[in-house]
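> fold the stuff below for me.
(2 chains)
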Amino acid sequence: MKLDFLGTLERTHRCGDLRISDEGKTVTLMGWVNRRRDHGDLIFLDLRDRSGITQVVFDKGLDAESHAKAEAARPEYVVAVTGQVTPRGFDEKNPDMLTGDIEVVAGQTLLLNDAKTPPFSPAEDAIANEEVRLKYRYLDLRREQMQKNFAIRSRVAMAIRNYLVGEGFLEIETPFMTRSTPEGARDYLVPSRVHPGNFYALPQSPQIFKQILMVSGFDRYFQVARCFRDEDLRADRQPEFTQIDLEISFPQMKTVFATAEGFLHAAFSAAGIELPSEPFIQMTYDEAIAKYGIDKPDMRLPAMADLSEELTPELRTTLKIEQGLPVLGFVIPKVGELSGTERKKLLSEIRTIFGDCGLDVLDTARLRTNEAFVPLADACAAKISAALTAFNGATLSANDLAVVVTPKLDTPAMWNFDRQWIWKRVGALRLELAKKYADKHKLFEQTGTAKDFKFLWVTDFPMYEWNEESKTWDAAHHPFTAPHEEDIKSGALVNDKGSVRALAYDVVLNGTELGSGSIRIHRKDVQAEIFRSLGMSDEEAKSRFGFFLDALEYGTPPHGGIALGLDRIVMILAGANSLREVIAFPKTAKAIDLMVDAPSEATAIQLRDLHLKVNTRS
RNA sequence: GGGGACGUAGCUCAGUUGGUUAGAGCGCUGCCCUGUCACGGCAGAGGUCGCGGGUUCGAGCCCCGUCGUCCCCGCCA
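Below you'll find the predicted structure:
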């Protein structure tokens, strides 16, 4: 069958629009054939566009010409149909479709385009493997779920823009081709044709530009900014991603918090979720480590408990736990009834995981039913139970699993044990176990309400991080982060770098870091001191950030800001498990775009123009 | 860089201890069908078992290597 020309025909409605109230209207729909049901002289086509699906009926007795078109049509053909909106009979309604009370009786029908049989059907709920989906991304994006995800993304981005503009922010763009900024990740580089041997770097974030915009007097800046980092990928990490990047002049930390919370409220509202009006809870970095063993606690799970004080010297002797060693416990809720055998198996599994790193799991238990830690004395179990309950402020249920951990001093890794390291390790185990049972026992079941989302601010990150490899102190955030004023005054910058707290903060949602920011250094003398404290000579600082240090000399206001990952926000709102579900054209774990087949080789001419030689062996 | 899972028809997957001609569902093609909506019925086509090597009388299955996708660690402040 020949294809038809569109001519001057115009679409009057979208495929999800029509209702019983449109009865009798003559409409023109255009869309893709979602499914075709051929009964011989009667054919049904489900016509799909991104708004929905409408059933179109072709009756040979009524219109043989259009019926012939429907006979030729196949899934994913592009079809235009003009016809009358007709109520369906009592037995013919489809309550599962929004348009299920009506159908369009086809008149003039145009086959606007045909389609090869697709490798997988956008109409099916079952999804193909990711390789195929990515190669035929245009077909994958036709799927209802993906169309929904990108509708959410668009609405969320718009809500954030509206909110920030309403708060007096200006959206200002910054360059993609720029100079390496000190974010700590590997840069994507762009060779310069005009300047042999020189390269632009794609921004890891607009950090320096937004600070300079503060110097320029744009006292409230934001940008929906693309960022690029050449590091290995994860489900929640893509080489290019989008941040809501903002900066404020003359802020207190709470100014930044209120702004970020404000646009998160707006963003969630755009996705149909009304967050409570109370401010997000706040927790210092030290507190987060002590209670959760991680700097991005998942507040849907109870905190860990330090049981060290609960164990009397006698109990320690009985249990062969050396005096002075920390003992940590935690509870994973909703694990369900585990039999003694299952618990034993779990215990040995955990011990395998922990084996080499010097921690030992004393035992696991169901506390409520008093099915206590088997090798632990009853008295001890009771105290542990009491301590956990008190610490969590929550009532234990019979389905909760309790785990108690202590270091093993006979393991080489423990000879120089570091308290924080132990806490982090136990925190990791806590998450691992939660993950293990999450699906099985619906630990994180979504209710579709604000209750699913536990936000918090983590504040007072350490300013410096000891780098074991280079034996130097590195900036934990980035070198423009301001330290606490007291820690400057006290001389800790020089004498006790490990104790210096930064005016840096993360916003965390359900164990995911959504965004991160800081109050910046606005004085040149302080900035120079920080560079020196990081072991950077004045000359090196000048050569790397000279332009920025210059800018600081011309009246820089106090300023600070934050950047939040838009992709991650949308991923969570869409209930997706990977950023690839909310990025239209994402890359694989090896940073390849399977659809366009990028990256690709450059031609000899391109390389010559760019003054490059490729060494394929390294 | 390291660890793990997977790779069989267009898609989703099964394939026993290594043994005859590698199967199913969906999809696809043709025919039939006027109330289906995951329509139904009949018939049919469709395979480099990711790729390369090895062991064996014989390999989808065992061994070695390699490629790809996914997940995790490192890395990404």
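
> and the contacts of the longest helix belonging to chain A?
As assigned by DSSP state H, the longest helix anywhere in chain A is helix A:144-166. For helix A:144-166, the external contacting residues (CB atoms under 8 Å, 6 or more residues apart in numbering) are A:50, A:140-141, A:171, A:220, A:222, A:224, A:244, A:246, A:259, A:262-263, A:265-267, A:269-271, A:566, A:569-570, A:573-574, A:576, A:581-582, A:584. Using the backbone N, CA and C atoms, a C-beta is placed for each residue, glycine as well.

> pull out the buried residues from those residues.
A:50, A:140-141, A:220, A:222, A:244, A:246, A:259, A:263, A:265-267, A:270-271, A:566, A:569-570, A:573-574, A:576, A:581-582 (16 or more other CB atoms under 10 Å).

> which of those residues fall within strands?
Using DSSP state E, the members of the buried ones among the contacts of helix A:144-166 that fall within strands are A:220, A:222, A:244, A:246.

> so what's the residue count around the residue nearest to the first one when sequence neighbours are not counted?
By the measure of CB to CB, 6 or more residues apart in numbering, the closest residue to A:R220 outside its immediate chain neighbours is A:F169, 4.3 Å from it. The burial count assigned to A:F169 is 21, neighbours taken as other CB atoms under 10 Å.

> for A:F169, which residues are in contact?
A:F169 sits next to A:220-222, A:246 when contact means CB under 8 Å, 6+ apart.

> give me phi/psi at it?
The phi and psi values for A:F169, taken as degrees, to the nearest 10, are phi -90, psi 150.

> and the gap between it and A:L275?
According to CB to CB, to the nearest Å, A:F169 and A:L275 sit 20 Å apart.

> what two of the ones in strands among the buried ones among the contacts of helix A:144-166 are the furthest from one another?
Using CB to CB, these span at most 13.4 Å, a distance reached by A:R220 and A:I244.

> up against RNA strand B, what does the stretch 451-600 of chain A have?
Residues of the stretch 451-600 of chain A found near RNA strand B (CB under 7 Å from any atom of the strand) are A:465, A:476-478, A:504, A:516-517, A:563, A:578, A:580, A:588-590, A:592, A:594.

> may I see the PyMOL selection of the buried members of the residues you listed?
If you want just the buried ones from those in PyMOL, going by 16+ other CB under 10 Å, the selection is:
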select buried, chain A and resi 476+477+478+504+516+517+563+580+594
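
> how about stretch A:297-308 and RNA strand B, touching?
No - looking at stretch A:297-308 against RNA strand B by CB under 7 Å from any atom of the strand, there are no contacts, and the closest approach is 13.2 Å.

> now do that stretch: everything it contacts.
Here stretch A:297-308 makes contact (CB under 8 Å, 6+ apart) with A:281, A:283, A:288, A:290-293, A:325-333, A:383-384, A:387-388, A:391-392, A:394, A:404, A:423, A:426-427, A:430-431, A:434, A:443-444, A:454-456, A:458, A:508, A:510-511.

> my guess is A:D245 contacts A:S205. True?
Yes - judged on CB atoms under 8 Å, A:D245 makes contact with A:S205 at a distance of 6.7 Å.

> joint contacts of the two?
Common neighbours of A:D245 and A:S205 (criterion: CB under 8 Å, 6+ apart): A:225, A:563.

> counting neighbours, go ahead and name the busier of those two.
Higher neighbour count among A:D245 and A:S205: A:D245, with 26 against 21, using other CB under 10 Å.

> bridged to that one, which residues?
A:Q223, A:A563 (DSSP bridges).

> and stretch A:167-179, C-alpha only, in CSV?
Extracted C-alpha coordinates of stretch A:167-179, given in CSV (Å, rounded to 0.1, in the frame of the first residue of the first chain):
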residue,chain,number,x,y,z
GLU,A,167,12.9,34.4,44.7
GLY,A,168,14.9,37.0,42.7
PHE,A,169,17.4,34.7,41.0
LEU,A,170,18.8,35.3,37.5
GLU,A,171,19.5,32.4,35.2
ILE,A,172,22.9,33.0,33.7
GLU,A,173,24.8,30.6,31.4
THR,A,174,28.4,29.9,31.8
PRO,A,175,30.8,28.4,29.2
PHE,A,176,31.1,24.7,28.3
MET,A,177,34.6,25.2,26.8
THR,A,178,36.6,26.5,29.7
ARG,A,179,39.6,25.9,31.9
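
> quick one: average confidence on it?
Mean per-residue pLDDT for stretch A:167-179: 96.

> cool, and stretch A:514-526?
The average pLDDT within stretch A:514-526 is 95.

> ok, A:I521 - contacts?
Neighbouring residues of A:I521 by CB under 8 Å, 6+ apart: A:480-482, A:527, A:530.

> could I get the full set of strands for the stretch 151-300 of chain A?
Using DSSP state E, counting those that start in this stretch, the strands of the stretch 151-300 of chain A run over A:170-171, A:189-191, A:199-201, A:220-228, A:240-249, A:281-284.

> most packed of those?
Each of those was assessed for mean neighbour count using mean count of other CB atoms under 10 Å. The highest is strand A:240-249, with a mean of 23.

> can you select the buried ones among the contacts of A:I521 for me in PyMOL?
Command for PyMOL, covering only those of the contacts of A:I521 found buried under the criterion 16+ other CB under 10 Å:
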select buried, chain A and resi 480+481+482+527+530
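
> report whether stretch A:196-211 contacts RNA strand B.
Yes - contact between stretch A:196-211 and RNA strand B, assessed by CB under 7 Å from any atom of the strand, occurs at A:204-205.

> again with stretch A:185-194
Yes - interface with RNA strand B: stretch A:185-194 contributes A:185-186 (CB under 7 Å from any atom of the strand).

> how long is that stretch end to end?
Distance between the two ends of stretch A:185-194: 26 Å, counting by CA to CA, to the nearest Å.

> and it, what's buried?
Neighbour counts over stretch A:185-194 (16+ other CB under 10 Å) mark A:187-188, A:191 as buried.

> and what of stretch A:294-311?
A:294-308, A:310-311.

> same check on stretch A:491-499?
Within stretch A:491-499, the residues that count as buried by 16+ other CB under 10 Å are A:492-493, A:497.

> nearest residue to the residue in the stretch 401-550 of chain A that RNA strand B sits nearest to other than its sequence neighbours?
Nearest to RNA strand B in the stretch 401-550 of chain A, going by CB to the nearest atom of the strand, is A:H477, at a distance of 3.4 Å. Sequence neighbours aside, A:A504 is the residue nearest to A:H477 in space, at 4.5 Å (criterion: CB to CB, 6+ apart).

> then A:T284?
Distances taken as CB to CB, 6+ apart place A:D460 nearest to A:T284, at 4.3 Å, with adjacent residues excluded.

> give the buried subset of the contacts of stretch A:297-308 as a ChimeraX selection command.
Only the buried entries of the contacts of stretch A:297-308 go into this ChimeraX selection, using 16+ other CB under 10 Å:
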select /A:283,288,290,291,292,293,325,326,327,328,329,330,331,332,333,383,384,387,388,391,392,404,423,426,427,430,431,434,443,444,454,455,456,458,508,510,511
